[in-house]
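**Student:** Just the structure for this:
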Amino acid sequence: MKPIVTALFTALFFLPGNAAHAAEGMPSMASSVAQMIFGLVIVLAALFGVLAMLRKLQGGRTHLVGGLKVIGATSVGPRERVVLVTVGSKVLVLGVTPGRVNALHTLEASELPLAPEPSPAAPNDFAARLRQMLEKRHAG
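**Tutor:** Coordinates of the predicted model:
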């Protein structure tokens, strides 16, 4: 009785499902791994192909243009901004909306007012004031 159960178990779980596979025998582990790696290579090649196509469709957006630097920007509406851009020795004031960019004004870089630098005394004043408050607290 035991040999029959063993033979049925072997037939159900280890033999291929159809007659064509039965003639070939079980696929080896190496061929299974090779097939898996081949499929992975195909999927990765397709992924890189799609990414390359997307880059081409975007146009020149991925290329950096030398000499442009955004100095600052501020929002003037829900979807509108004013942007300062340096191009060489010129500073462009641009109005940017979702569908349009307008040149509002052009300045020389020397005409642009420099932002005031924070004074180094400000952190020291805070530290001195904090120290005073802590001393008062511990004394009282």
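**Student:** which stretches of the chain have low pLDDT?
**Tutor:** Under the criterion of pLDDT under 70, the regions of the chain flagged as low confidence span 1-26, 58-66, 114-124, 140.
**Student:** residue ranges for the helices of it, please.
**Tutor:** 2-13, 19-24, 29-58, 121-139 (DSSP state H).
**Student:** Which segments of the chain make up each domain?
**Tutor:** The chain breaks down into these domains under automatic domain parsing: 1-63, 67-140.
**Student:** so residue 93 sits right up against residue 82, yeah?
**Tutor:** Yes - under the criterion of C-beta atoms under 8 Å, residue 93 makes contact with residue 82 at 6.6 Å. Bear in mind the C-beta positions are built from the backbone N, C-alpha and C, glycine included.
**Student:** Overlap in contacts, those two.
**Tutor:** When contacts are counted by C-beta atoms under 8 Å, 6 or more residues apart in numbering, residue 93 and residue 82 have residue 104 as shared neighbours.
**Student:** OK, contacts around residue 71?
**Tutor:** If you count contacts by C-beta under 8 Å, 6+ apart, residue 71 has them with 84-86, 91, 112.
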